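> Give the three-dimensional model of this entry:
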Amino acid sequence: MAKELALGFDGKQELEVTSLKEKKHKNLTPIEIPHAAWTTEEKLAYLEEGEKVAYGVSEKVQDVMTRLMEEDEHVEIYNSDGEIHQDDRCRTRIMVLTVASDGKQFQQDFSGPGLSKGLEFLKETDFKALCKETAETAVALLDAPEGPSGEMPVVLGNYFGGVLFHEACGHPLEGSAISKDTSPFAGKLGQKIASDVVNAFDDGTVVNGWGSESVDDEGHAPTCNQLIKDGVLVSYMLDRYTARRMKEDVKATGSCRRESYRYMPTTRMTNTYIGGGSSDPKDIIASVKNGIYCKGFTGGQVDPSTDQFIFTADVAYLIKDGKIDHLIKPVSLIGYGYEILPRITMVGNDCTRAPGVCGAASGSCYVEVGQPTLLISKMLVGGAGGNE
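Here you go, the predicted model:
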């Protein structure tokens, strides 16, 4: 059976493996408290405490949905190098969605932190404070005016603000697009594609990172892969197959992933983020006369062949005369990644990352996005409030 599982195809040469040897890897996702250590009643009590706090914020809070996501996965990989790889992957995430209404409209806010940890993550997270914040934001959005539309400076907050780089640049830098020459970044290794202040990474070696796994789904160890250095494209994300297809002299970067054995593996992101810069976030805000500050995001999408993206900032504020003004209703951010990268003029020193789920050809994979607070000098904003 092992011999049959290990049959592979490498170019035009069929490979037959007659012996298999197990290969060990550094455990990047150690846990302290396994999911089975708490009873169902204890987990429900934890969620109910947060729910109670959210309902207590205002009579306008109509619904609070809390959720605990636990996943324990054992993976075995048999490859044509004659290797057996095993990995135990544990993830824990807590989520709250709060819906508020004033009788005329509904507004909502969501928060969902998570890491590749056990139940110790629940003890490390102030879930009640998280629920209170989402409820306050949902209620505040009821009175918020519509956001502006048109081109303007945009300050992206840290944490899930990194979804912009994930969508606008991460997907077009994956080998599945690069190796087919369908990405606008194909053939541009060594070329300037961003401003000098941009340094970007796909780092699968982050201990307990939401997108971290001790071995990728080809049996390769993950890498800390710098994609952009001082604005210059220096690397792609590649699996073995896409690396072979490339015209450049490149190697696999430990980026092969898939949702399960039901999907063909391909190049996917892990923990992808823009690295920290030297600017104080307060100075970034102060540099903008009229623009918007986007703090919360609900995700987005991109066409890797054109690099056009769109995603929604569900918690955003106007910036006036270098100060954060009032909250506005959700707005869309629209553009092309290759246009936005050169327009990043300031990068903050407050880089943080957030969990997400990314769907593509090899199914849904857990990924981490992130960045510091940063300034995009000009960006197309779509709000229902019209031109400023």
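> Show me what counts as buried in stretch 247-260.
250, 252, 253, 254, 255, 256, 257, 258, 259 (16 or more other Cβ atoms under 10 Å). For every residue, glycine as well, the C-beta is placed using N, CA and C.
> Mind pulling up the pLDDT for the nearest residue to the last one once chain neighbours are set aside?
Beyond its immediate neighbours in the sequence, the residue positioned closest to residue 259 (Cβ to Cβ, 6 or more residues apart in numbering) is residue 363, lying 2.6 Å away. Residue 363 is assigned a pLDDT of 95 by the prediction.
> what's near enough to touch residue 363?
By Cβ atoms under 8 Å, 6 or more residues apart in numbering, the contact set of residue 363 is 258, 259, 260, 262, 263.
> now, the most widely separated pair of those residues?
Within the contacts of residue 363, 258 and 262 form the most distant pair, 8.3 Å apart (Cβ to Cβ).
> Can you pull out the low-pLDDT segments for the chain?
1-14, 388 (pLDDT under 70).
> now the helices for this protein?
Under the criterion DSSP state H, the chain contains helices at 2-5, 40-55, 120-124, 127-143, 163-165, 175-178, 240-245, 281-286, 337-340.
> Can I get those helices in CSV including distance to residue 206 and mean neighbour count?
Output for those, formatted as CSV (distance: least, Cβ to Cβ, whole Å; neighbours: other Cβ atoms under 10 Å):
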stretch, distance to residue 206, mean neighbour count
helix 2-5, 30, 12
helix 40-55, 26, 15
helix 120-124, 15, 15
helix 127-143, 22, 20
helix 163-165, 16, 29
helix 175-178, 21, 25
helix 240-245, 22, 19
helix 281-286, 22, 17
helix 337-340, 23, 21
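> Distance to residue 268 added to those, as CSV?
Below are those laid out as CSV (distance: least, Cβ to Cβ, whole Å):
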stretch, distance to residue 268
helix 2-5, 22
helix 40-55, 30
helix 120-124, 23
helix 127-143, 28
helix 163-165, 15
helix 175-178, 8
helix 240-245, 11
helix 281-286, 30
helix 337-340, 17
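> Tell me which of these lies nearest to residue 267.
Here helix 175-178 is closest among the helices of the chain (Cβ to Cβ), at 3.8 Å.
> returning to that earlier point: max pairwise distance over the buried residues of stretch 247-260: which two?
Spatial extent of the buried residues of stretch 247-260 (Cβ to Cβ) is set by the pair 250 and 259 at 25.4 Å.
> returning to what we had before: looking at the helices of the chain, which is nearest to residue 213?
helix 240-245 (16.2 Å).
> The closest one: how far from the chain's middle?
Offset of helix 240-245 from its chain centre (Cα atoms, centre = their mean, to the nearest Å): 24 Å.
> For that helix, name the packing helices and strands.
Secondary structure elements in contact with helix 240-245, counted by 3 or more Cβ pairs under 8 Å, 6 or more residues apart in numbering; DSSP states H and E, are helix 175-178, strand 266-267.
> Among the ones you listed, which comes closest to residue 202?
Judged by Cβ to Cβ, the one of the helices and strands packed on helix 240-245 that comes nearest to residue 202 is strand 266-267, at 10.0 Å.
> which parts of stretch 328-348 are buried?
So, applying 16+ other Cβ under 10 Å, buried residues of stretch 328-348: 328-333, 335-348.
> Same question for stretch 71-86.
So, applying 16+ other Cβ under 10 Å, buried residues of stretch 71-86: 75, 77, 78, 79, 80, 81, 83, 84, 85.
> between those, which is nearest residue 127?
Checking the buried residues of stretch 71-86 one by one against residue 127 (Cβ to Cβ), the nearest turns out to be residue 75, at 29.4 Å.
> Can you give me the distance of the closest one to residue 57?
According to Cβ to Cβ, to the nearest Å, residue 75 stands 42 Å off from residue 57.
> you'd agree residue 43 is up against residue 68?
Yes. Using Cβ atoms under 8 Å, residue 43 is in contact with residue 68, at 5.5 Å.
> give me every residue that touches residue 154.
By Cβ under 8 Å, 6+ apart, the contact list for residue 154 reads 291, 292, 293, 294, 333, 375, 376, 379, 381.
> who wins for neighbours among these?
Sorting the contacts of residue 154 by how many neighbours each has (other Cβ atoms under 10 Å) puts residue 294 first, at 28 neighbours.
> Tally up the residues packed near the residue nearest to that residue when sequence neighbours are not counted, please.
Spatial nearest neighbour of residue 294, excluding adjacent residues (Cβ to Cβ, 6+ apart): residue 313 at 3.7 Å. Counted by other Cβ under 10 Å, the residues lying close to residue 313 total 29.
> what is residue 313 paired to in the beta sheet?
Beta-bridge partners recorded for residue 313 (DSSP bridges): residue 297, residue 331.
> So it versus residue 373, what's the distance?
Per Cβ to Cβ, residue 313 is found 14 Å from residue 373.
> Show me the buried residues of stretch 247-260 that map onto strands.
256, 257 (DSSP state E).
> Let's have the buried residues of stretch 247-260 in TSV, adding distance to residue 21.
Below are the buried residues of stretch 247-260 laid out as TSV (distance: Cβ to Cβ, whole Å):
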residue	distance to residue 21
250	27
252	20
253	23
254	19
255	24
256	20
257	23
258	23
259	27
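> Quick one, which of the helices and strands packed on helix 240-245 gets closest to residue 232.
helix 175-178 (16.1 Å).
> Which strands or helices does the closest one pack on?
Identification of packing neighbours for helix 175-178 by 3+ Cβ pairs under 8 Å, 6+ apart yields helix 240-245, strand 266-267.
> Confirm for me that residue 371 is in contact with residue 165.
Yes. With contacts counted by Cβ under 8 Å, residue 371 reaches residue 165, the gap being 6.2 Å.
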